[in-house]
Each structure stands twice: as C-alpha cells, then as structure tokens.
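Colleague: Next come a sequence and a model predicted from it.
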Amino acid sequence: MSEEERRRTGEGAALRRFPAERQTIEKLLAGDGDFCDMCEELAEAESALLAAEALPPDVREARIAEWTASIDRLVGEIARAMREANVVRIGWAGDLKNRR
C-alpha cells in the first residue's frame, strides 16, 4: 500500500469515528505526522479486528479483546489530539508573570 493510500485509509477511519470533525482531521492530517500515524494505526487495528472475527474459537475472543482495546486507546488519543488542536493558546505561564 502506498503512503497516500495509507493516509486515505487512516483519514477514513478517523472520519468514521468523528464525522463532525472533518475540518480538524484534515488540518491535522496535513501537518501532523503523529496524528497521521495514529489514524493509520486505527485503520490497521479495525482491519485486524475484522480478521480476528474469523479466527478459531479458542483464540478469537482474546484477539477481539486485544484489538478492541487497541482501537479504544487510539480513538482516545485521536480525540485528545483534536481537542488540543482546537485550543487557542495565549502565551505560556512565564509571559503571565511578566505582565503583572
């Protein structure tokens, strides 16, 4: 899979989870490599979860639980990155001391 295909697959995974956040997702995908990686990992984890459902019963439940936990973690990280991207920072604490 090419880099562009991976990016589009990751974008699709993020948009399925956060459809109302299209602009933020597109902005972060354009400029944040870590965000791109998280989205690509989410797409891979979703694919692995689907594949795990076809495993033999003796390992299926454990693999499904592992991939579900991975997906939950990645969704949380993506949500946090989007929240942080939407925060307007007005300087840092050292600046506030100098203003008094």
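Modeller: Ah, there it is. Residues are numbered from 1 along each chain as shown.
Colleague: Please tell me I have it right and E40 contacts R8.
Modeller: No. Contact criterion CB atoms under 8 Å: E40 and R8 do not qualify, at 9.8 Å. For glycine as for every other residue, the C-beta is placed from the backbone atoms N, C-alpha and C.
Colleague: Look at the two and report which has more neighbours.
Modeller: E40 (22 against 16; other CB atoms under 10 Å).
Colleague: Would you tell me what helix or strand that one is located in?
Modeller: Element membership for E40 (DSSP states H and E) is helix 33-52.
Colleague: helices or strands up against the helix or strand just after that helix?
Modeller: Downstream of helix 33-52, the next assigned helix or strand under DSSP H and E is helix 57-85. In terms of contacts (3 or more CB pairs under 8 Å, 6 or more residues apart in numbering; DSSP states H and E), helix 57-85 is packed against helix 3-17, helix 22-31, helix 33-52.
Colleague: contacts for the longest one?
Modeller: Helix 33-52 is touched from outside by 6-7, 9-14, 17, 25, 28-29, 60, 63-64, 66-68, 70-71, 74-75, 77-78, 81, with contacts defined as CB atoms under 8 Å, 6 or more residues apart in numbering.
Colleague: Generate a PyMOL selection restricted to the buried subset of those.
Modeller: Applying 16 or more other CB atoms under 10 Å to these, the buried members can be selected in PyMOL as follows:
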select buried, resi 6+7+9+10+11+13+14+17+25+28+29+64+67+70+71+74+75+77+78+81
